[in-house]
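S.K.: The following comprises the amino acid sequence and a computationally predicted model.
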Amino acid sequence: MCYGRERLPSWDDVVGTPPVEIGNRIAVENLRDRLAETEARLERARAREAELSRRLDEMKKFVRVMEILETYLRRRYAEQQERLLHLYSSPSSLWVFG
């Protein structure tokens, strides 16, 4: 038999692929597909984690600013109370109506 430029048939071409090997190939392809899906889910999870970390950092900054503002407002309120107390308790603030 002459095949010309074509290759000689392999053993699998002549006999066919054994069923066990077919099953193994299917199992390997299935595992590859599952691995690709898992890697894609992992990539999405990492992106989500990065986004949540960024948002958490922003919230922490916001809380720090609010704490600073709260401290400032409490101090100003205490100062105003002290001024009023001083203003109303000083003798020059008493008016004599007569």
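M.R.: Received the coordinates, thanks.

S.K.: so where's the chain uncertain?
M.R.: Counting by pLDDT under 70, the chain contains low-confidence residues at 1-6, 8-17, 91-98.

S.K.: residue boundaries of the helices in it?
M.R.: Taking DSSP state H, the helices of the chain run over residues 11-15, 19-89.

S.K.: Can you lay out those helices as a markdown table showing mean neighbour count?
M.R.: Using the backbone N, CA and C atoms, a C-beta is placed for each residue, glycine as well. Shown next, in a markdown table, are those (neighbours: other C-beta atoms under 10 Å):
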| stretch | mean neighbour count |
| --- | --- |
| helix 11-15 | 9 |
| helix 19-89 | 10 |
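
S.K.: quick one: contacts for Ala27?
M.R.: In this structure, Ala27 makes contact with no residue, judged by C-beta atoms under 8 Å, 6 or more residues apart in numbering.

S.K.: And it, how close does it get to Ala40?
M.R.: In this structure, Ala27 lies at 20 Å from Ala40, with C-beta to C-beta, to the nearest Å as the measure.
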